[in-house]
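In: based on what follows, work out the 3D shape:
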Amino acid sequence: QVQLVESGGGLVQAGGSLRLSCAASGRTFSNYFMGWFRQAPGKEREFVARINRSGSSTYYTDSVKGRFTISRDNAKNTVYLQMNSLRPEDTAGYYCAADPNSYRFSNYWGQGTQVTVSS
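Out: Take a look at the predicted model:
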């Protein structure tokens with residue numbers, strides 16, 4: 001198993017930036033595909049970004065392309081989500097997820113960190 005702990009959320013004005021971190025422990029971090037998801041009140045959880053094991057391949061949902069960057073540091077067992085040009089519609093709980101085999105992210109989730117963007 002792998003345990004995931006997110007941090008870095010907070011309150012920011014529209015146009016501002018935040019960097020989320022997700023620290024992993026328990027298993028070899030570099031064996032896991034990693035992803036970020038978010039869930040706004042009253043809405044379903046949605047995919048935000050994902051990264052492969054080495055960090056050489058990334059993918060984003062359309063609404064964050066060009067504004068968010070996912071990266072990982074396998075030496076530090078951490079995945080990041082750099083969020084720039086934040087918008088009020090980015091307000092949500094942000095969750096990281098891990099999967100040893102694919103991008104399904106069915107088993108390993110963190111507890112989430114709240115991001116609130118004021119207009």
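
In: check what pLDDT Tyr103 gets.
Out: pLDDT, Tyr103: 89.

In: for the protein, what spans make up the strands?
Out: Secondary structure of the chain, counting by DSSP state E: strands at 3-7, 10-13, 18-25, 33-39, 46-51, 58-60, 68-73, 78-83, 92-99, 108-109, 113-118.

In: want to throw the ones you listed into CSV with mean neighbour count?
Out: Any C-beta I mention is one placed from the backbone N, CA and C, and that applies to glycine too. Written out in CSV, the entries for these read as follows (neighbours: other Cβ atoms under 10 Å):
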stretch, mean neighbour count
strand 3-7, 17
strand 10-13, 13
strand 18-25, 19
strand 33-39, 22
strand 46-51, 20
strand 58-60, 15
strand 68-73, 18
strand 78-83, 22
strand 92-99, 23
strand 108-109, 18
strand 113-118, 17
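
In: dump those strands to JSON lines, plus mean pLDDT.
Out: Rendered in JSON lines, the data for the strands of the chain read as follows (pLDDT from 0 to 100):
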{"stretch": "strand 3-7", "mean pLDDT": "97"}
{"stretch": "strand 10-13", "mean pLDDT": "98"}
{"stretch": "strand 18-25", "mean pLDDT": "97"}
{"stretch": "strand 33-39", "mean pLDDT": "98"}
{"stretch": "strand 46-51", "mean pLDDT": "98"}
{"stretch": "strand 58-60", "mean pLDDT": "98"}
{"stretch": "strand 68-73", "mean pLDDT": "98"}
{"stretch": "strand 78-83", "mean pLDDT": "98"}
{"stretch": "strand 92-99", "mean pLDDT": "98"}
{"stretch": "strand 108-109", "mean pLDDT": "96"}
{"stretch": "strand 113-118", "mean pLDDT": "98"}
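
In: go ahead and flag the most central residue of this structure.
Out: Compute the mean C-alpha point of the chain, and by Cα atoms, centre = their mean the closest residue is Trp36, 2.8 Å away.

In: can you give me the distance of it to Ser119?
Out: Applying Cβ to Cβ, to the nearest Å, one obtains 23 Å for the distance of Trp36 from Ser119.

In: could you do Gly66 as well?
Out: Here the distance between Gly66 and Ser119 works out to 20 Å (Cβ to Cβ).
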